[in-house]
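A.B. asks: sequence and computational prediction follow.
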Amino acid sequence: MKKSTLLLPNINLRPAQIHKFRGFVGNAFKDHDLIHNHDDQGKPIYRYPLIQFKLIDKSPAIIAITDRAVNIFSELFMKLDKIVIEDIVIPIFEKDLKIEEVEFGYSDEIFMYEFVSPWIGLNQNNFRRYGDIAHADQAEKNQILKKVIIGNILSMSKYLDYRLSKDQMIKTDHKLKEKKVNLKGKTMTGFSGIFKTNFLIPDYLGIGKSVSRGFGAVRRVI
């Protein structure tokens, strides 16, 4: 799979500013729905985001995957000379662009990943189920989170046109802790920590909710 990363190393942003960074770039390049994921009527397009906005070592970055999304990067690279965050104009003096082929998909090996930004994995239904479990029954809560991680990986794979064969089963284990996060002005339960799985995920791609805004970004540890 092709992946490109555009890093702006002379700019430092806070995690809470990533959605504003995404909003500015999305407005500046309205012709590309892959950036802002809205149709001509302004309605959300529900799919796995092929262009995602992240923080890498406190610097803003834009990541694209698949040939279609990577092709947009030439325009972004040439035209993006500033960003505006909270009415402050920040000139871009330096851009680092990296284009590479990365591995994605099922593996016979087990890999360990860390969440470099909070993972928001629980939707309304499984959050209610998760919350109803007694605090002491951590094993049952862990099982719910395992299933959600597997579901996130399968959902990402589906949108990226990657299909597993019937004999390919995703395995996972994790060591996660709850972390309160703010999403669109609402406090939600997120998670930080590490997980293991037999699936190759390129660094800094996200799983779960709001990955285009930087949530759920993973980085391979082992």
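C.D. replies: Perfect, thanks for sending it. Numbers count the residues shown, from 1 in each chain.
A.B. asks: residue 102 and residue 1 touch, don't they?
C.D. replies: Yes. Using C-beta atoms under 8 Å, residue 102 and residue 1 qualify as a contacting pair, with a distance of 5.6 Å. C-beta coordinates here come from the backbone N, C-alpha and C atoms, glycine included.
A.B. asks: need the overlap of contacts for these two.
C.D. replies: Counting by C-beta atoms under 8 Å, 6 or more residues apart in numbering, the residues touching both residue 102 and residue 1 are 65, 202.
A.B. asks: which one's more surrounded, the two?
C.D. replies: For residue 102 versus residue 1, the count of surrounding residues by other C-beta atoms under 10 Å is larger for residue 1: 17 against 13.
A.B. asks: domain map for the protein?
C.D. replies: Per the record, the chain has its domains at 2-101, 105-220, by automatic domain parsing.
A.B. asks: and the longest one, how far apart are its ends?
C.D. replies: The one in question is domain 105-220. 14 Å (C-alpha to C-alpha, to the nearest Å).
A.B. asks: quick check: closest non-adjacent residue to residue 160.
C.D. replies: In space, and not counting its chain neighbours, residue 160 is closest to residue 48: 6.3 Å by C-beta to C-beta, 6 or more residues apart in numbering.
A.B. asks: that neighbour against residue 153, yeah?
C.D. replies: No. Using C-beta under 8 Å, residue 48 is not in contact with residue 153, being 10.8 Å away.
A.B. asks: for the chain, which segments are assigned as strands?
C.D. replies: For the chain, the strands defined by DSSP state E cover 2-7, 51-56, 59-65, 82-85, 88-91, 96-101, 105-115, 172-183, 186-200, 218-220.
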